[in-house]
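**Q** generate a structure from the sequence data that follows.
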Amino acid sequence: MKSIDIYNSFKDSNFDSIVIVKEGIFYKTFNVDAKIMWYLFDYLLKDNIISFGNNSYDKVIYKLKKSNISFVIVNKNEKLLEINNNINNYKTYENLSNISFGKKEEEEKLIKKIKMILERKDCFLEINNFLDKLN
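**A** Predicted coordinates for the structure are as follows:
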């Protein structure tokens, strides 16, 4: 069974918790949970997946608890750890991560456009003047 399948099978019953799948010495999460983890820990988010190793486990658990985010750590067959907070900030962090991720995507689009324009060396003065007007 693939990690994403394990994630999805547990996510259905843990929709307001971060679901983290343990694979050997690594942990993975997907989709919106991956975005929340990206937001909290600045982990690399690629194809809606983040992963981290055993070395980061204690830091992750501590911060999720401190942030009052419910979470569950699972493997193929069972829940290894489940923390349900009375004050669950999952939805709050879901919203914050979506806003932050949207800004990051817009920033990346702008940077890509600027790099393309900068390849045309005749635009430097025009870009500089435009930026001065924004300041």
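**Q** in the chain, which spans are helices?
**A** For the chain, the helices defined by DSSP state H cover 3-11, 31-41, 57-66, 90-118, 124-134.
**Q** buried ones in the first one?
**A** Judged by neighbour count using 16 or more other CB atoms under 10 Å, the buried positions of helix 3-11 are S3, I6, Y7, F10, K11. In short, each C-beta sits where N, CA and C put it, glycine included.
**Q** so what's the residue nearest to K22 when sequence neighbours are not counted up against?
**A** Spatial nearest neighbour of K22, chain neighbours left out: N75 (4.8 Å); criterion: CB to CB, 6 or more residues apart in numbering. Taking CB atoms under 8 Å, 6 or more residues apart in numbering, we find N75 in contact with I6, V21, K22, E23.
**Q** circling back to that earlier point, what's the most buried one of the helices of the chain?
**A** Of all the helices of the chain, helix 31-41 carries the top mean neighbour count, a mean of 21, counting by mean count of other CB atoms under 10 Å.
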